[in-house]
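Trainee: take this sequence and fold it.
(one chain, ligands or ions: 2)
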Amino acid sequence: MDDCIFCKIIKGEIPSERLYEDEKMIVIRDISPKAKVHILMIPKEHYADITCLDEKRAADLAECLLKLNGLQERLGISKGFRLVVNRGASAGQTVFHLHIHILSGSKMPGF
Ligand code: 5GP
Ligand code: ZN
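Mentor: Numbers count the residues shown, from 1 in each chain. Ligands and ions are numbered 1, 2, ... in the order given. Next up is the predicted model:
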């Protein structure tokens, strides 16, 4: 998508602190952290949100999540982390390219 910030970051047209990359995803540091560690896992395929999953996208996303296990040390989240996915503006979504927030490093408030 031409006007998508995350597609531009994936293509390297907008700089980011890239912590990990493979053929399916990038993991970058959030530009406006809401926790001591605030990272974004972004599948490379552009689709708006979690409701746009099909079989292939779900399988790709599962692969990305599986990789998170092995990345905990590198990302500095091995003591614990919270995953957040916003779907829709009313839930706080501002970038309409699916991404998973990974929050860690400070005590999270309960729900
Ligand atoms: P959302 O609100 O859509 O769930 O999350 C979007 C996230 O992307 C926000 O936490 C915001 O700080 C982050 N973000 C927006 N623009 C950029 C950017 O250009 N670079 C990085 N690294 N993060 C961004
Ligand atoms: Zn995109």
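
Trainee: in this structure, which spans are helices?
Mentor: Taking DSSP state H as the criterion, the chain contains helices spanning 5-11, 55-75.

Trainee: where do the strands sit along this structure?
Mentor: 18-21, 25-29, 37-43, 82-84, 100-104 (DSSP state E).

Trainee: would you turn those strands into TSV with mean pLDDT?
Mentor: What follows is the strands of the chain, written out as TSV (pLDDT from 0 to 100):
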stretch	mean pLDDT
strand 18-21	98
strand 25-29	98
strand 37-43	98
strand 82-84	97
strand 100-104	98
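
Trainee: which residues does the residue sitting nearest the centre point of the chain bridge with?
Mentor: Nearest to the geometric centre of the chain sits residue 41, at 2.3 Å (Cα atoms, centre = their mean). Bridge pairing for residue 41 (DSSP bridges) gives the partners residue 27, residue 100.

Trainee: now render the strands of the chain as TSV, adding distance to residue 51.
Mentor: Every residue, glycine included, has its C-beta placed from N, CA and C. Conversion of these to TSV gives the following (distance: least, Cβ to Cβ, whole Å):
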stretch	distance to residue 51
strand 18-21	26
strand 25-29	19
strand 37-43	14
strand 82-84	16
strand 100-104	14
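
Trainee: distance to ligand 2 added to these, as TSV?
Mentor: Supplementary listing: the strands of the chain in TSV, determined by distance: least, Cβ to the ion, whole Å:
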stretch	distance to ligand 2
strand 18-21	15
strand 25-29	11
strand 37-43	8
strand 82-84	19
strand 100-104	14
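
Trainee: out of those strands, nearest to ligand 1?
Mentor: The stretch from these with the least distance to ligand 1 (Cβ to the nearest ligand atom) is strand 25-29; that distance is 5.0 Å.

Trainee: now do the closest one against strand 37-43, angle only.
Mentor: What separates the directions of strand 25-29 and strand 37-43 is an angle of 160 degrees, with axes from the mean of the first three to the mean of the last three Cα atoms, to 10 degrees.
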